[in-house]
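Colleague: Need coordinates for the following:
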Amino acid sequence: MTAILPVIWFCVALGAGGQAAQRGIILSVAFFGNENMDEATLLHAMRVTQEGNWYSPEVLRFELQEIERLYQEKGFLKARVGPPEVSERRLEGGRQGVAIRIPVAEGPLFRLGRLAIRGAEVLAPATLLQMAPIEPGGPYSRPLMMEWIERLRSSYHELGRIRFEARLHEEAREAERTVDCTLEVSEGAEYRVGRISVADNAVDPAELRRLLLVGEGGVYNPEMLLTSIQYINMSKRYRPFGPSDVEVRVDDSARTVDLVFHLRPQGKPGPGGRTKPPGRAPEGS
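Modeller: Numbering: from 1, shown residues only. Just a heads-up that it's a prediction; the model follows:
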């Protein structure tokens, strides 16, 4: 006859500074109080705290913070997740198991209210607003607004405005459940390419300049520099190199950017110490 082992349950709330339950096998994880985000989505966000894994209070605390962030990204700025209710269970063989129940207080959904631009002249404020990822009335998401600022930074860099800066001012209105935003930009001056040189005298600077998508005297665009590196590597004229092999010297007083390329040729040095690119006939042939 199989003996029936006694089962003992008790709960431990994991508040800040509370006593954590002992480690054990996770038997179940459940959420309650969530309405706008289904349990399957919340469970999927728990990368480690899952059935069958070892229970860790520290990992659970971190993962609940990530779920709060997920709510806030979707406009639930007041969302609170936890503290969890952890029930311990003594299993057969002296092992320990835990069942986890997690309360969720979603709070109200905040939407974007007024969106304004301040300080833009080179690009019209209306142009910047057209690039915004959220229209007034849509669920407010701070990560999306940060991505917007990065897209604006890239757009200004294309214009040589490498000192572009932006700051987002937020004002949450509790009664209206909206967030008014003002984006303050400092466009900076236009920078142009100064001198383009190479550190290795085995490389012909004139040959390199012909391969670049940035040129001396032209507007400096960091994105075009990166594209140039990719293009040159595909040509296999030089040994593979990356952005860290290009020394970027910014002169704020002259508003210029000098570029020093630290790259090496593919082939063997020819007469005079310079290497001719593959496929190019030697001089005098």
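
Colleague: where along this protein do the helices fall?
Modeller: With DSSP state H, the ranges of helices along the chain come out as 39-45, 57-73, 125-130, 142-158, 205-211, 222-235.

Colleague: Minimum distance to G93: which of these has it?
Modeller: helix 57-73 (23.2 Å; Cβ to Cβ). The C-beta positions use only the backbone N, C-alpha and C, and glycine is treated the same way.

Colleague: Can you name the residues that contact the residue nearest to P103 when sequence neighbours are not counted?
Modeller: Closest residue to P103 apart from its sequence neighbours, by Cβ to Cβ, 6 or more residues apart in numbering: G33 at 5.1 Å. Contact analysis of G33 by Cβ atoms under 8 Å, 6 or more residues apart in numbering lists 103-106.

Colleague: Now for this protein, the helix or strand with the poorest mean pLDDT.
Modeller: In the chain, no helix or strand scores lower on mean pLDDT, DSSP states H and E than strand 9-13, which sits at a mean of 38.

Colleague: Tell me the buried residues within the contacts of G33.
Modeller: Among those, the ones that count as buried by 16 or more other Cβ atoms under 10 Å are 104, 106.

Colleague: And the strands in the stretch 101-250 of the chain?
Modeller: 111-118, 165-173, 178-186, 192-198, 246-251 (DSSP state E, counting those that start in this stretch).

Colleague: Touching the third one from outside, list them.
Modeller: For strand 178-186, the external contacting residues (Cβ under 8 Å, 6+ apart) are 77, 110-120, 128, 140, 145, 149, 152, 163-173.

Colleague: picking up where we left off before, out of the helices of the chain, which is closest to I196?
Modeller: I196 sits nearest to helix 205-211 of all the helices of the chain, at 5.7 Å, using Cβ to Cβ.

Colleague: Just the CA trace of that closest one, in CSV.
Modeller: Provided in CSV are the C-alpha atoms of helix 205-211 (Å, rounded to 0.1, in the frame of the first residue of the first chain):
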residue,chain,number,x,y,z
PRO,A,205,45.5,58.1,-50.7
ALA,A,206,44.2,59.2,-54.1
GLU,A,207,43.0,55.6,-54.8
LEU,A,208,41.3,55.4,-51.5
ARG,A,209,39.5,58.8,-51.9
ARG,A,210,38.0,57.6,-55.2
LEU,A,211,36.3,54.7,-53.3
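
Colleague: average pLDDT for that helix?
Modeller: Per-region confidence: helix 205-211 scores 92 on mean pLDDT.

Colleague: Name the residues of that helix that are buried.
Modeller: Across helix 205-211, burial judged by 16+ other Cβ under 10 Å covers 207-209.

Colleague: Which one of these is nearest to M37?
Modeller: Using Cβ to Cβ, the buried residues of helix 205-211 come closest to M37 at L208, 53.7 Å.

Colleague: could you measure the closest one against R151, distance?
Modeller: According to Cβ to Cβ, to the nearest Å, L208 and R151 sit 31 Å apart.

Colleague: Can you measure across stretch 183-196, start residue to end residue?
Modeller: 36 Å (Cα to Cα, to the nearest Å).

Colleague: chain center to that stretch, what's the gap?
Modeller: Distance, stretch centre to chain centre, for stretch 183-196: 23 Å (Cα atoms, centre = their mean, to the nearest Å).

Colleague: List the buried residues in it.
Modeller: Within stretch 183-196, the residues scored as buried using 16+ other Cβ under 10 Å are 183, 185, 187-188, 191-194, 196.

Colleague: Repeat that for stretch 38-48.
Modeller: Buried residues in stretch 38-48, defined by neighbour count with 16+ other Cβ under 10 Å: 42-43, 46.

Colleague: Using JSON lines, lay out these together with distance to E92.
Modeller: Converted to JSON lines, the buried residues of stretch 38-48 look like this (distance: Cβ to Cβ, whole Å):
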{"residue": "L42", "distance to E92": "30"}
{"residue": "L43", "distance to E92": "26"}
{"residue": "M46", "distance to E92": "26"}
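
Colleague: ok, so of those residues, who is nearest I232?
Modeller: M46 (45.6 Å).
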